[in-house]
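Engineer: Show me the folded form of this:
(one chain, ligands or ions: 1)
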Amino acid sequence: MLLKTFYIQRWLDENTFKRLLTFSRFISRTERGSQFVIDIDRARKNKVKLDDIISTLSDLGIKLEENEIKEISKYLPEYDIEFELKDGKLLIKPHIFMLDIVKDLKEKEILKYDKVNKVYVTYPYYYYILKNRLEEYGLKIRELKLDIKELNVNFKGELRDYQKEAIETWKQKDGSGVIALPTGAGKTVIGIAILAEVKRSTLIVTFTKDQMIQWRDSLFKFTDLSKSDVGLYYSQEKTIRPVTITTYHTAYRHMKELSGKFNLLIIDEAHHLPAEKFKQIALQCIAAKRLALSATPVREDGKHEELFKLMGGLIYFKTPQELIQKGYLAPYELIQLRVDLTPKEKMKYSSLLSQFRKLSGGKKVSELLQLMKEGNQNAIEAMKIYNEMKKIVNLAENKLKVLDDIIKKENGSKILIFTQYVEQAEEIAKKYNAYLITGKTNKNERERILKIFKTLKSGILVLTTVGDEGLDIPDANVGIIVTGTGSRRQFIQRLGRLLRPSNGKVAKLYEIVTRGTAEEYQASKRKDITFGITSYSSSEDDLM
Ligand SMILES: Nc1ncnc2c1ncn2[C@@H]1O[C@H](COP(=O)(O)OP(=O)(O)OP(=O)(O)O)[C@@H](O)[C@H]1O
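Structural biologist: Residues are numbered from 1 along each chain as shown. This next block holds a predicted model:
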């Protein structure tokens, strides 16, 4: 396509002549000088950009009018690549052939080509990776216009040595990474100190509403952030501010809204992130800087590898023992007590076990769960029996007798009792006139009970699994696990509840296990519990 004709009076050296021919055609010599016409197809073929044409002609004393520039720019874009953020997706509009540059990403299906709109589509997570790669090829990029604010914020606390170390490591890793520290070690404080370093819009993702509130309170305690800089974004309110605190459940449903607004992404309780739906939070967030915090990043299902990929790899961890030695966590004692099933329970358990073995045909529980989903009748029956067996083990009569002995022995302590069964929790709370928080306890009642229990010198609080994460009762010093699942992560979180340091405290965690059943096997494997990222992985399969 031919556009504007222009004339050049002066003599042209060979290089200038060649440069002109990259985007125009020489027509002839006339009394007005050498006649050329801009040829768009030729310019495109030679990857000549609008800027090149403007600068070459102006060097030769020819100034293009506004309307002429507009006309050319319609066919010859100013940029090689244009980025756009749309509905939580990153669109890449190429004006040059870019497949060779992104071939590997296309083969890994990270990039998909939308033939209709002639754009590549991927997650915002890849924006900076793509932008840097394309710029290395000297391409002119139209960058995203992100709504990211500067933050006027300073950290007001005193960091502990390991916290400083963790932050330094994160900075050396170019602002990404997973930091694993035991519960109570001050991960929230690390996150806040990093936020105060980055001083840019930050999205903080927590797992429960309580944790959201704890983060907000800690932000005001450890920084000079103004109240108007912090917003909560969850079921009851959707306030987006330069520092926005949200929950996994709300964030993944609203990433279209949150995607392009933050430069720092902090994921708390990060072991939840690899879940299929939650990982969309990390993938759809444009944030260049990422921090993941967890006491137990290693997941039984091995999905922690996903977490490390999305958030920059495990960069720092300390075990409780290391922090106890430094006096930052309370020393603790693990006590496992074994009880027998009563003869009646034993009879029931072994008859169920032989039925289970017949029906399962030696298959592992994980295989049976899969078969059950496919409607396999034997698997369905086997799993029904399996759950009955678990209940016998967990609700063993003798467990309550041993629980009674422990409570008598620990009288005067502040005791947390964990069980995963609501009815068992209610029975225990009634018997000892103890406080009770279960999944059925509403938010106000839960906050009221926690507030009272925190002020007590001694007492008993019974919790079901709802009490596992983000519970802050610094002076609790005894934990009793009456029944728990085999998940190592849950066990560590429960232990962590007790490890908040307070003067002269030695925390004790009792675990009551039923002898001769898989629960005992699970617990024995936990004997060497370390918070290090060991390969230990319990699974339901061990129960058989
Ligand atoms: N550097 C510090 N200065 C003052 N207090 C601190 C510091 N680090 C931690 N703490 C205190 O220790 C307690 C636990 O800290 P924090 O809640 O950050 O731990 P955590 O690792 O986030 O716990 P969880 O695993 O439950 O999220 C809090 O009361 C916190 O204020």
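
Engineer: I'd like the domain boundaries of the chain, if you could list them.
Structural biologist: Domain assignment for the chain, taken from automatic domain parsing, gives 2-75, 81-142, 161-318, 332-339+396-543, 343-394.

Engineer: What distance do you get for the residue of the stretch 301-450 of the chain found nearest the ligand to residue 501?
Structural biologist: Taking CB to the nearest ligand atom, the ligand has its nearest neighbour within the stretch 301-450 of the chain at residue 328, 7.8 Å off. For every residue, glycine as well, the C-beta is placed using N, CA and C. Noted for residue 328: a distance of 6 Å to residue 501, by CB to CB, to the nearest Å.

Engineer: swap in residue 508?
Structural biologist: Distance from residue 508 to residue 501, counting by CB to CB: 15 Å.

Engineer: now, of the domains of the chain, which is deepest in the fold?
Structural biologist: By mean neighbour count, with neighbours taken as mean count of other CB atoms under 10 Å, domain 161-318 ranks first of the domains of the chain at a mean of 20.

Engineer: Spatially nearest residue to residue 137, not counting backbone neighbours?
Structural biologist: Excluding the flanking residues, the one nearest residue 137 by CB to CB, 6 or more residues apart in numbering is residue 101, at 5.7 Å.

Engineer: Wasn't that neighbour part of a strand?
Structural biologist: No. If the criterion is DSSP: H, G, I helix; E, B strand; the rest coil, then residue 101 is helix and not within a strand.

Engineer: which residues sit in contact with it?
Structural biologist: Counting by CB atoms under 8 Å, 6 or more residues apart in numbering, residue 101 makes contact with 133-134, 137.

Engineer: So which of those residues belong to helices?
Structural biologist: 133-134 (DSSP state H).

Engineer: which one of the contacts of residue 101 is nearest the ligand?
Structural biologist: Nearest to the ligand among these: residue 133, at 35.9 Å, using CB to the nearest ligand atom.

Engineer: gap between the closest one and residue 98?
Structural biologist: Noted for residue 133: a distance of 10 Å to residue 98, by CB to CB.

Engineer: follow-up on the earlier one: what pLDDT does the residue of the stretch 301-450 of the chain closest to the ligand get?
Structural biologist: Note for residue 328: predicted pLDDT of 85.

Engineer: For the residue of the chain found nearest the ligand, grab phi and psi.
Structural biologist: Nearest residue of the chain to the ligand, counting by CB to the nearest ligand atom: residue 186, 2.6 Å away. When read as degrees, to the nearest 10, the backbone of residue 186 gives phi 100, psi 40.

Engineer: so which strand or helix has the residue lying closest to it once chain neighbours are set aside?
Structural biologist: Of all residues not flanking residue 186 in the chain, residue 163 sits nearest, at 5.7 Å (CB to CB, 6+ apart). According to DSSP states H and E, residue 163 maps onto helix 161-172.

Engineer: Helices along the stretch 301-450 of the chain, start to end?
Structural biologist: 304-311, 320-325, 343-360, 365-373, 377-394, 397-409, 422-431, 443-455 (DSSP state H, counting those that start in this stretch).

Engineer: can I get the ones you listed in CSV with mean pLDDT and distance to the ligand?
Structural biologist: Output for the helices of the stretch 301-450 of the chain, formatted as CSV (pLDDT from 0 to 100; distance: least, CB to the nearest ligand atom, whole Å):
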stretch, mean pLDDT, distance to the ligand
helix 304-311, 87, 16
helix 320-325, 87, 10
helix 343-360, 92, 36
helix 365-373, 86, 28
helix 377-394, 91, 26
helix 397-409, 95, 24
helix 422-431, 94, 21
helix 443-455, 89, 12
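
Engineer: Can you redo the ones you listed as JSON lines, where the extra columns are distance to residue 44?
Structural biologist: Shown next, in JSON lines, are the helices of the stretch 301-450 of the chain (distance: least, CB to CB, whole Å):
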{"stretch": "helix 304-311", "distance to residue 44": "38"}
{"stretch": "helix 320-325", "distance to residue 44": "62"}
{"stretch": "helix 343-360", "distance to residue 44": "66"}
{"stretch": "helix 365-373", "distance to residue 44": "54"}
{"stretch": "helix 377-394", "distance to residue 44": "61"}
{"stretch": "helix 397-409", "distance to residue 44": "78"}
{"stretch": "helix 422-431", "distance to residue 44": "69"}
{"stretch": "helix 443-455", "distance to residue 44": "62"}
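
Engineer: Having no further points to raise, I will conclude here.
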